[in-house]
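Q: A predicted structure for the sequence below; I have some questions about it.
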Amino acid sequence: MQQFTILLLLSLFSYTNISCTEVANSPDKELFIEKNISEIEKLSATAKIWGFLKYYHPQVAKGKYNWDEQLFTVLEKVEKAETYEDLSEIFSNWIDSLGEVPECTKCLSVHQDEIFLKNFDLSWMESGNFSKELREKLKYIERNRVQGDQHYVTLAPSGNITVKNEPEYEDFIWEEKELRLLSLFRYWNQVEYFFPYKYQMDRNWDETLLALMPLFLDATSEKEYHMAMLELTSSLNDSHAWFITDLTNRYFGYYWAPVKLKMIDGNAVVAGMFDPSRAEKDDWQLGDILTSVAGVPVWQILEEDDKYMTGSNQPARHRNIEISLLNGSSPSVEIEILRDGNIRQKKISRYLKTEFKNEKPESPVWETLDDNIGYVNMGTLERGDVSKMMKELEDTRGIIFDIRNYPNGTMYEIGNKLNPETQPFVKFTAPDLNYPGRFTWTDPIYIGWKNKNAYKGKVVLLVNEHTQSHAEFTAMALQTTPGAVVIGSQTSGADGNVSDISFLGKFHTYMSGIGVFYPDGRETQRIGIVPDIEIKPTIEGIIEERDEVLERAVEVIQKTAEQKSL
């Protein structure tokens, strides 16, 4: 009722105790309610305006101004603003100082069928907190944005962005608040306009800016600042967006336990050894379930560190879980494990990772298993060996291509020998520098050709959380083989190439650079390559040192061969 009364009084131009001001140059004599604004809100608005002008304003986007210095100057004015009206006036005057924006007739030419709009969002410019004058100026710049080459960003041959002409601040001093904010503003806007999967994040990117701004603004130590950068990159929910520095490593600890952990049914299970001899000294056994470290329950450690775990999905975020759970700053620690239904407490040793010795026995790149079934390790197969491999395996009942690794660019050579005809397997979205934030579809890419001598046996692909990027791309290509079956578990969900979007001080981080989709438009980011048959390792299988995913692949080929013989 009170809100209705206020609106009624405003409409009658009656005097109230709410301060109202007519916005300058507004033909509609718009009434602007003075609303106090917090420091975080001011800085968030500044980040968005600064980034928008950087990539849209013809004078700015062509490099006419030192845009970092412009930010430092406007921040001094923003600091004194008390209301959104004050802020709108500062931004409006700033835009006026940048020079004329000529009308852009080319900007009207848009081919709607080529546009991917899920990622595009400039709705913040319509905020009722901004004056009408400012909103109109921003919309005018959007309609008459820069076209062609930009000063701060260009497109790589593969379609993703390459950042250029950005001062690196090699002597970056973390204590300088303005530089920390510049680092945040740069990164946030590069993601805002050129990350192809912004719409898929768990948390809205605008909300992330508000939530993490205090971490950059109020960092009291260099370590806090580095952890803020790590948390920001983690917010992308992108397995390509890793971030590592000496200080983030120090947070988790330089000392490692000699075992690898895997999350199975919510349990942190010992699934492998970095150094078997050192693991044996502390009686580590495969299948041990870690329940606490230094008296802290595993679930609590995971909960506290979750914001620092990068990855597109949960399996990807947990694939190096031993770093969070077992790393530390001391060479030993008290732990608790569950083995054979019994809780055991013990003190275990930790080591620098460089101390580990784990000489793995050489395994063949490809081989013929029992029942005349071919197996290929895609992580070690080289392009020059594909013809020889296919020749040796051409009469097998089926071939298992193990992609639980990182292949070496062999997919086209293999796909051409598996497919009897040409097949589309992928299409992309790429950033549109003529309309930053918008992406455009590319034509599909094809694999295979007319081949009457294509492989006749069953094709099975093995995948898991280590299947990432080019590995996922390879799986997509080989999926086109008639009757191909994917077996395993959810992949990393980060396909395609990457863009380097480093923070100030040459702290490198990355993001997925282009959108990767199946030809029918199905998404792969975060989802990954969906297995036709889902098989995950079990604790029992780990204890028995069995490869349960490979076992299932063999069963599928055997069953297919039996059905053919009927």
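A: Perfect, thanks for sending it.
Q: worst-scoring helix or strand of this structure, pLDDT-wise?
A: Ranked by mean pLDDT, DSSP states H and E, the helix or strand of the chain with the weakest confidence is strand 20-22, at a mean of 34.
Q: Now stretch 190-202: buried residues?
A: 190-198, 200-201 (16 or more other CB atoms under 10 Å). All C-beta spots, glycine's among them, are computed from the backbone N, C-alpha and C.
Q: Could you identify the most distant pair in the residues you listed?
A: Maximum pairwise distance among the buried residues of stretch 190-202 (CB to CB): 17.0 Å, between 190 and 200.
Q: Helix or strand: which one has residue 482?
A: Following DSSP states H and E, there is no helix or strand that holds residue 482.
Q: hmm, I was thinking of residue 516
A: Per DSSP H and E: residue 516 is located in strand 515-517.
Q: how far out from the middle of the chain is that strand?
A: Here strand 515-517 is found 13 Å from its chain centre; the criterion is CA atoms, centre = their mean, to the nearest Å.
Q: residue contacts, residue 473?
A: Residues in contact with residue 473, defined by CB atoms under 8 Å, 6 or more residues apart in numbering, are 411, 426, 495-496, 516.
Q: what's near enough to touch the residue nearest the centre of the chain?
A: By CA atoms, centre = their mean, the chain has its centre lying nearest to residue 238, at 1.6 Å. If you count contacts by CB under 8 Å, 6+ apart, residue 238 has them with 195, 197, 310-312, 494, 511-512, 525.
Q: Could you rerun that using 10 Å?
A: Contacts for residue 238 (CB atoms under 10 Å, 6 or more residues apart in numbering) come out as 191, 195-198, 200-201, 310-312, 316, 492-494, 498, 510-512, 525-526.
Q: Now the closest residue in space to residue 500 that isn't next to it in sequence: phi and psi?
A: Distances taken as CB to CB, 6 or more residues apart in numbering place residue 510 nearest to residue 500, at 5.7 Å, with adjacent residues excluded. When read as degrees, to the nearest 10, the backbone of residue 510 gives phi -140, psi 170.
Q: Wait, residue 510 touches residue 499, no?
A: Yes - counting by CB atoms under 10 Å, residue 510 does reach residue 499; the two are 6.5 Å apart.
Q: and these two? which has more neighbours close in?
A: Comparing residue 510 with residue 499 by other CB atoms under 10 Å, the one with more neighbours is residue 499, at 24 against 19.
Q: can I assume the more buried one sits in a helix?
A: No - counting by DSSP: H, G, I helix; E, B strand; the rest coil, residue 499 is located in no helix; its state is strand.
Q: Let's see the strand or helix carrying residue 374 as PDB, backbone CA atoms only.
A: Using DSSP H and E, residue 374 maps to strand 373-377. Written as PDB, here are the backbone C-alpha positions of strand 373-377 (Å, rounded to 0.1, in the frame of the first residue of the first chain):
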ATOM      1  CA  ILE A 373      39.300 -58.000 -30.500                       C
ATOM      2  CA  GLY A 374      41.500 -55.000 -31.300                       C
ATOM      3  CA  TYR A 375      42.500 -52.400 -28.700                       C
ATOM      4  CA  VAL A 376      44.000 -49.000 -29.400                       C
ATOM      5  CA  ASN A 377      45.500 -46.600 -26.800                       C
END
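Q: residues of the helix or strand just after it that come out buried?
A: Downstream of strand 373-377, the first helix or strand assigned by DSSP H and E is helix 386-393. Within helix 386-393, the residues that count as buried by 16+ other CB under 10 Å are 386, 389-390, 393.
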